[in-house]
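Sequence first, predicted model second:
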Amino acid sequence: QVQLVESGGGLVQAGGSLRLSCAASGSGFSINAMGWYRQVPGKQRELVASSASGGRTNYADSVKGRFTISRDNAKNTVYLQMNSLKPEDTGVYYCKAVGYYKGGRYFDGVYWGQGTQVTVSS
């Protein structure tokens, strides 16, 4: 079972920066795809950025040019560098992992972190 632990959220003024981290606990496996999602009250969780195992990345239009997703595959950790933050970036950010490799086999599954609050004040 993959457990994800997020950190790095907080309160920041508009124009500021934050860096989120998400680490998968355990060893001996390699996460397939990882990504970040954002949820605000009354709305569905939406994709912010994702990173496939081959390195391909994908971003929501609203964050392109401001956010950067990166991974440390050796540590099964994904980061989200958020620059030029806007009040509309406020929300709970969730880390997601999809599948992992262990012992030469692929194990499918979707795993979520507990979420970290990001608040951007105007």
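Yes, it's here. Model, not experiment: these values are computed from the prediction.

For the longest strand seen in the chain, name the packing helices and strands.
The strand that spans the most residues within the chain, counting by DSSP state E, is strand 91-102. Counting contacts by 3 or more Cβ pairs under 8 Å, 6 or more residues apart in numbering; DSSP states H and E, strand 91-102 packs against strand 4-7, strand 18-24, strand 30-39, strand 105-112, strand 116-121. Any C-beta I mention is one placed from the backbone N, CA and C, and that applies to glycine too.

Mind putting the ones you listed into JSON lines with mean neighbour count and mean pLDDT?
Formatted as JSON lines, those follow (neighbours: other Cβ atoms under 10 Å; pLDDT from 0 to 100):
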{"stretch": "strand 4-7", "mean neighbour count": "17", "mean pLDDT": "95"}
{"stretch": "strand 18-24", "mean neighbour count": "20", "mean pLDDT": "97"}
{"stretch": "strand 30-39", "mean neighbour count": "20", "mean pLDDT": "96"}
{"stretch": "strand 105-112", "mean neighbour count": "12", "mean pLDDT": "96"}
{"stretch": "strand 116-121", "mean neighbour count": "17", "mean pLDDT": "98"}
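
And those strands: which comes nearest residue 86?
For the helices and strands packed on strand 91-102, proximity to residue 86 was assessed by Cβ to Cβ; strand 116-121 is nearest, at 6.1 Å.

The closest one versus strand 18-24: what angle between them?
Strand 116-121 runs at 170 degrees relative to strand 18-24, counting by axes from the mean of the first three to the mean of the last three Cα atoms, to 10 degrees.

quick one on the thing from earlier: make JSON lines out of the helices and strands packed on strand 91-102 and add distance to residue 60.
Putting the helices and strands packed on strand 91-102 into JSON lines (distance: least, Cβ to Cβ, whole Å) gives the following:
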{"stretch": "strand 4-7", "distance to residue 60": "18"}
{"stretch": "strand 18-24", "distance to residue 60": "15"}
{"stretch": "strand 30-39", "distance to residue 60": "8"}
{"stretch": "strand 105-112", "distance to residue 60": "18"}
{"stretch": "strand 116-121", "distance to residue 60": "14"}
